[in-house]
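J.: Turn this into a structure:
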Amino acid sequence: MTRLVARPGVVAAGAWSSAYLVLCATGQRFSTQYLDIAWQLIPKETLRADPLGSVWHLHIQPPLWNLIVGGVLAWSPLPDSFSLQIVQFVFSVVAVGLLGALLGRLFPRPLVGAAVATVAMLDPQVLAGAFTPTYELATTCGLIAIVWLVVAQPRSPSVTLIGLAVVGTAVAMTRTVFHPVWLVLLLGTAWWWLRRSVEHRVVVCAASVPLIAIGGWMVKNDVMFDRLTLSTWSGMNLQRAVVPVATDDDLASWAATGGISEITAAYPSGFVSYSAYEPYVGGCVPEHHNAANANLTRTGPEALPNFNADCYLPIFDIAGDDAKWVIVHHPSLYIRGRWWAMRAWIMEAPAPLLRTSHLYDALRPIYRVAQVGIPATLPSIRIGDRPWGDVDVPEHLSLLQALATLLVIGAGARAAIRRLRRRASSQWIHVEVVAALIVGWNLVVGVLF
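T.: This is a model prediction of the structure:
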């Protein structure tokens, strides 16, 4: 195992860590501001007071990232900012180390792979996650580990299959984009190429990992909240991806004829305080007494909504039903919104909401050129009373990211077809298929939903 991650992985991790320390020395700071505004998280003080109990009452997201953040807030003896910075640093180092080890086996000269991994992880859009407590780096680390397992196949095929089950389950329990269906496809693919090398009991053991973890969590949600789900993926997330493209006149007309609810007509982007919904659905008495569900707002001067409050569950259902109605009855609007999402998917991410060093600021134009960032505009999203497309927002779209995405998906599809026709036996064919499954799923889900 040590040999598999040795030289290129250690070199990549060391180089990235050195650059990270230079950024810190030149003024880059870690910020916990995201904890106060992230709707995916249980309110910060609730997590701190009762991390296990509050996460048990979570329904809006998979539990793993909330559990990590809550555990750090409750049990770390160090300040919140420093503790969470260590967490993000560890995920970053593991990710770049595994990526270096993976690419070191791809390039004829392993150190070239280490250099490519370091450069990729020093992208300012990736670095932003190292200085903000979001789940993106944790997810990235898990996805790289999945591909590394496919490439390295440490010790035995049995370890590979069980490792994929464990890491894939962790990813699905962290980020809603990677739905259980994706995990089934991943493990099904792994089983197909390892089926002659693993025993039946190993397959059962691997399958039991997501079945117990994810299935158990979904059953818990069904018992506690009457919804056999992993998250609210098809609620307000779907609504804000579909409905905001419509005009105010369209929304009013659809609501008048009963196509959509008055709630969606009034708040097409969703995600507003419960008091805004009360005129339409009336007051609400929470069914659960845990603060994670009972408190409608977060602590703090802005009193932001706590979307994990169980009073929001009927609102999520209404939002999802209305979004599906718009998709079925007005597909042209849905397609128009997907074209916007396709461009946004390859758009340069904004700078982090915290103090940045001069070195970090200098990296942004360098990477913009390296990624062939093309100046473009995107229609603005709905904000407040402003309609969708009110102004054209200047952005940079990465041509390199677009081409790389298509190449990865195309190579994976070609490899899968050749493998099914028994026309290829390259050791990289499984890597291409799994990489395409990760990138393709992320693209399709990110654009369609």
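J.: Do you have the strands of the stretch 301-449 of the chain handy? List them.
T.: 373-379, 392-398 (DSSP state E, counting those that start in this stretch).
J.: in the first one, what counts as buried?
T.: Neighbour-count burial for strand 373-379 flags 373, 378, 379 (criterion: 16 or more other Cβ atoms under 10 Å). All C-beta spots, glycine's among them, are computed from the backbone N, C-alpha and C.
J.: can you give me the mean pLDDT across it?
T.: Averaged across strand 373-379, the pLDDT comes to 91.
J.: At which residues are the helices of the stretch 301-449 of the chain located?
T.: With DSSP state H, counting those that start in this stretch as the criterion, the stretch 301-449 of the chain has helices at 313-329, 331-345, 358-370, 399-420, 429-448.
J.: so which of those comes closest to residue 183?
T.: helix 429-448 (10.0 Å; Cβ to Cβ).
J.: between the closest one and helix 331-345, how many degrees?
T.: On the basis of axes from the mean of the first three to the mean of the last three Cα atoms, to 10 degrees, helix 429-448 is oriented at 120 degrees to helix 331-345.
J.: What residues of helix 429-448 count as buried?
T.: Those would be 429-443, 445, 447, for helix 429-448 by 16+ other Cβ under 10 Å.
J.: Please tabulate the helices of the stretch 301-449 of the chain in JSON lines, including the columns distance to residue 219.
T.: JSON lines is the format used below for the helices of the stretch 301-449 of the chain (distance: least, Cβ to Cβ, whole Å):
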{"stretch": "helix 313-329", "distance to residue 219": "17"}
{"stretch": "helix 331-345", "distance to residue 219": "32"}
{"stretch": "helix 358-370", "distance to residue 219": "44"}
{"stretch": "helix 399-420", "distance to residue 219": "33"}
{"stretch": "helix 429-448", "distance to residue 219": "24"}
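J.: so who does residue 214 touch?
T.: 169, 172, 173, 180, 183, 230 (Cβ atoms under 8 Å, 6 or more residues apart in numbering).
J.: let's see it at 7 Å
T.: Taking Cβ atoms under 7 Å, 6 or more residues apart in numbering, we find residue 214 in contact with 169, 172, 173, 180, 230.
J.: Need the worst-confidence member of these.
T.: residue 230 (86).
J.: which ones are touching that residue?
T.: Counted by Cβ under 7 Å, 6+ apart, residue 230 has contacts 62, 176, 180, 214, 217, 218.
J.: and what of residue 364?
T.: Counting by Cβ under 7 Å, 6+ apart, residue 364 has contacts residue 124.
J.: Who wins on neighbours among the contacts of residue 230?
T.: For the contacts of residue 230, the largest number of neighbours (other Cβ atoms under 10 Å) sits with residue 62, at 26 neighbours.
J.: Backbone dihedrals for it, both of them.
T.: Main-chain torsions, residue 62, degrees, to the nearest 10: phi -60, psi 160.
J.: what stretches of the stretch 251-400 of the chain score poorly on pLDDT?
T.: 353, 355 (pLDDT under 70).
J.: Just say helix, strand or coil for the residue positioned nearest the centre of the chain.
T.: With distances taken as Cα atoms, centre = their mean, the chain has residue 175 as the residue nearest its mean C-alpha position (4.5 Å). Residue 175 falls in the coil class when you classify it by DSSP: H, G, I helix; E, B strand; the rest coil.
J.: pLDDT of stretch 430-444, averaged?
T.: 94.
J.: As PDB, could you dump the C-alpha coordinates of it?
T.: The C-alpha coordinates for stretch 430-444 follow below in PDB (Å, rounded to 0.1, in the frame of the first residue of the first chain):
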ATOM      1  CA  HIS A 430     -11.900   0.600 -16.300                       C
ATOM      2  CA  VAL A 431     -10.400   3.900 -15.200                       C
ATOM      3  CA  GLU A 432     -11.900   5.600 -18.300                       C
ATOM      4  CA  VAL A 433     -15.300   4.100 -17.500                       C
ATOM      5  CA  VAL A 434     -15.300   5.100 -13.900                       C
ATOM      6  CA  ALA A 435     -13.900   8.600 -14.600                       C
ATOM      7  CA  ALA A 436     -16.700   9.100 -17.200                       C
ATOM      8  CA  LEU A 437     -19.300   7.900 -14.700                       C
ATOM      9  CA  ILE A 438     -18.100  10.500 -12.200                       C
ATOM     10  CA  VAL A 439     -17.800  13.400 -14.600                       C
ATOM     11  CA  GLY A 440     -20.800  12.500 -16.700                       C
ATOM     12  CA  TRP A 441     -23.100  12.100 -13.700                       C
ATOM     13  CA  ASN A 442     -21.900  15.400 -12.200                       C
ATOM     14  CA  LEU A 443     -22.600  17.200 -15.500                       C
ATOM     15  CA  VAL A 444     -26.000  15.600 -16.200                       C
END
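J.: Other residues contacting it?
T.: 143, 146-147, 150-151, 177, 182, 185-186, 189, 193, 345, 405, 408-409, 411-413, 415-416.
J.: And those, which of them are buried?
T.: Taking 16+ other Cβ under 10 Å as the criterion, what is buried in the contacts of stretch 430-444 is 143, 146-147, 150-151, 177, 182, 186, 189, 193, 345, 405, 408-409, 411-412, 415-416.
J.: Report the separation between the closest residue to residue 307 other than its chain neighbours and residue 65.
T.: Distances taken as Cβ to Cβ, 6 or more residues apart in numbering place residue 39 nearest to residue 307, at 4.9 Å, with adjacent residues excluded. The spacing between residue 39 and residue 65, counted by Cβ to Cβ, to the nearest Å, is 13 Å.
J.: Those two - which one has more neighbours?
T.: residue 65 (22 against 15).
J.: Does the host helix or strand of that one pack against any helices or strands, and if so which?
T.: Element membership of residue 65, judged by DSSP states H and E, is helix 64-75. Applying 3 or more Cβ pairs under 7 Å, 6 or more residues apart in numbering; DSSP states H and E, one finds that helix 64-75 contacts helix 44-49, helix 51-56, helix 80-104.
J.: Residue 130 contacts residue 88, doesn't it?
T.: Yes: in this structure residue 130 lies within contact range of residue 88 using Cβ atoms under 7 Å: 5.1 Å.
J.: Would you state the helices of the stretch 151-300 of the chain in chain order?
T.: 157-172, 180-194, 200-225, 236-242, 248-256, 262-266, 274-281, 291-294.
J.: so how far is residue 388 from residue 304?
T.: If you go by Cβ to Cβ, the gap between residue 304 and residue 388 works out to 23 Å.
J.: Which residue of these two possesses the greater neighbour count?
T.: Neighbour totals were compared for residue 304 and residue 388, and residue 388 leads with 21 against 17 (other Cβ under 10 Å).
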